[in-house]
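Participant: This is the structure alone, sequence omitted:
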């Protein structure tokens, strides 16, 4: 946890300093566990975390391929962020509500949002945003930061109704520069809301490195300005992310919101729409992150406990390929949109002027 | 019936809404203990508690996001923007997030939010307190825009807005808050959104207008009757989006001449949209081009010159004369 401290006298004594602190970690990069920080998880749960990370990695690789073939629209790759995404969602209950950024499709999926709808959303089909009734998520947000201010509203709704649920939201290092980022945390603090704010610091906002985003030593410390609890976590460590979010969830239910910065790395491009990371990456930085990526680390740990084999891994890979194939097929077969249907989803009751536009379209172009 | 100022009628509508629906919540800057800078929410926190009538931190985007999140979860938020010029800080919520919620989710989610803000010149307020920004709002699909001109309509339209399952921007003209009193039923009633009101019958020319300009136009109509012997019809639009095309067209078909009076700057906005509606539906009924009487294409004039900036009876009477003598 980041802390501020006063030191010395005079003006220096009035100066706030961020103390040295270390990102919370359970697994070291070589897969060794810090027992004191180990969250309570059964062997089955540990295996499930690995299954989900492998599933997400393979899904992402397939999606990148599909995007290259022109079979997807906007797609933001997730490789490198699996621990941050999967670990945080795994700490939630089904009734908790997720307000995602556009990269956060895996969390939505494991919260109940079907993969084929993710593909439809990517392609630009309205059904991609038509969240199934019993799934507690919002469609991916395009405007950076908008989901943050809305999180305070969702969390306030739960608090007012006395429901034991939290609202959780995600943005990136770039998102933490937005005014909405601060406004949201400040509201959550003032109203003591059951909210968890996650910043997945993947080091780049498209091409802009964190160093050009802020001179703050951490993004976590930005929560302190709003007076809320702030934590920095090793975002390549699925157990650390899980433990931090689990803890933050409990505190949120008691009216204590938390900002969690997860330190991760986007291994791929920002999106599949022409982004070329070689234009902006620091030369030779990627191999270090690749060695440290979340799947390798967790696999080492599970193998040391005899909980994961190559056979397990291959099974998940095949399972994922089949799931992706099925989801794409379903997306391909989904009913096309129509202008009249589109018109009828703007208002609860379509007003006369819009009804007229619909009728004109139907008379001249529609079937 | 009771005699109320417009601000009292607005207060009364919110009191009834809070009473009738536990999901109604009011929040904004200084709306709680202080009752709002114009006392629109006076006494409501004392009556309904701090959980339903809340002061927020001073952050309009935060207020907008709070409204969208609460609306998403089935609450019926009334979010006050302290002055119209402050909405620029919250435009993502007002023009994107709330109005597109239904559209983005294919009808699964909605934003039953009422945004309220005082607007309009003539009270010598500092910059960005009194602008007329309805042109921005009416261009936004998914949000309705309402602007009452009197206490009766204010209460009835605000109750309709709060009950509406789509977002509504409710514009309250600053100059009318206290200057105008009218008979208002004490009980609940609604004035429908999307219905204009013919406030003065005439046969020679129709003035389409809204907000404080309704009253300036009515005075101009009296003068024109006396000095020019012209019978001027005045239509109070009341809702700026969606426009009441039927009432607009039938009035033009009756008088064959039209003027649009708005306090806002001229380019884009309500007046040009209204003229398009007339062109598309009643062009052949016209005996003269439609005239616009508006503010200038500058920001609203500074307090020391705003009375000259805002359309006055003289400008309107001149327009009546020009249109009638075309």
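Facilitator: Alright, I've got the coordinates. Note that the structure is a prediction, hence the values are computed from the model and not measured.
Participant: can you give me the strands for the stretch 1-150 of chain B?
Facilitator: All strands of the stretch 1-150 of chain B, identified by DSSP state E, counting those that start in this stretch, fall at B:2-5, B:24-28, B:53-55, B:76-80, B:114-119, B:144-146.
Participant: What are the phi and psi values at the spatially most central residue of chain A?
Facilitator: Centrality entry for chain A: nearest residue to the mean C-alpha point is residue A:104, 3.9 Å, by CA atoms, centre = their mean. Reported as degrees, to the nearest 10, the phi and psi values for residue A:104 are phi -90, psi 40.
Participant: nearest spatial neighbour of it, skipping sequence neighbours?
Facilitator: Closest residue to residue A:104 apart from its sequence neighbours, by CB to CB, 6 or more residues apart in numbering or on different chains: residue A:170 at 4.8 Å. For the C-beta atoms, the positions are set from N, CA and C on the backbone; glycine is no exception.
Participant: separation between that neighbour and residue A:151?
Facilitator: 10 Å (CB to CB, to the nearest Å).
Participant: Name the residues contacting each of those two.
Facilitator: residue A:99 (CB atoms under 8 Å, 6 or more residues apart in numbering or on different chains).
Participant: if we can go back for a sec, now render the strands of the stretch 1-150 of chain B as JSON lines, adding mean pLDDT and distance to residue A:95.
Facilitator: Below are the strands of the stretch 1-150 of chain B laid out as JSON lines (pLDDT from 0 to 100; distance: least, CB to CB, whole Å):
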{"stretch": "strand B:2-5", "mean pLDDT": "97", "distance to residue A:95": "44"}
{"stretch": "strand B:24-28", "mean pLDDT": "98", "distance to residue A:95": "22"}
{"stretch": "strand B:53-55", "mean pLDDT": "98", "distance to residue A:95": "25"}
{"stretch": "strand B:76-80", "mean pLDDT": "98", "distance to residue A:95": "22"}
{"stretch": "strand B:114-119", "mean pLDDT": "98", "distance to residue A:95": "28"}
{"stretch": "strand B:144-146", "mean pLDDT": "98", "distance to residue A:95": "32"}
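Participant: Out of these, which is closest to residue A:77?
Facilitator: strand B:76-80 (36.6 Å; CB to CB).
Participant: Spatially central residue for chain B, please.
Facilitator: Against the mean C-alpha coordinate of chain B, by CA atoms, centre = their mean, the closest residue is residue B:147 at 1.6 Å.
Participant: For chain B, what's the nearest residue on the stretch 1-150 of chain A?
Facilitator: Closest approach between the stretch 1-150 of chain A and chain B, counting by CB to the nearest CB: residue A:149, at 2.2 Å.
Participant: Helix or strand next in line after the strand or helix carrying residue A:156, which one?
Facilitator: Using DSSP states H and E, residue A:156 sits within helix A:146-161. Remark: after helix A:146-161, the chain's next helix or strand is strand A:167-172, criterion DSSP H and E.
Participant: Please compute how far that next one lies from its chain's middle.
Facilitator: 6 Å (CA atoms, centre = their mean, to the nearest Å).
Participant: Name the residues of the very next helix or strand once past that strand that are buried.
Facilitator: Per DSSP H and E, the first helix or strand lying C-terminal to strand A:167-172 is helix A:179-190. Buried residues in helix A:179-190, counted by 16 or more other CB atoms under 10 Å in any protein chain shown: A:180-190.
Participant: Residue A:358 touches residue A:341, doesn't it?
Facilitator: No: the pair residue A:358 / residue A:341 is not scored as a contact, 9.6 Å apart, by CB atoms under 8 Å.
Participant: what about the two, which has more around it?
Facilitator: Neighbour tally, residue A:358 and residue A:341, criterion other CB atoms under 10 Å in any protein chain shown: the higher count belongs to residue A:358, 19 against 14.
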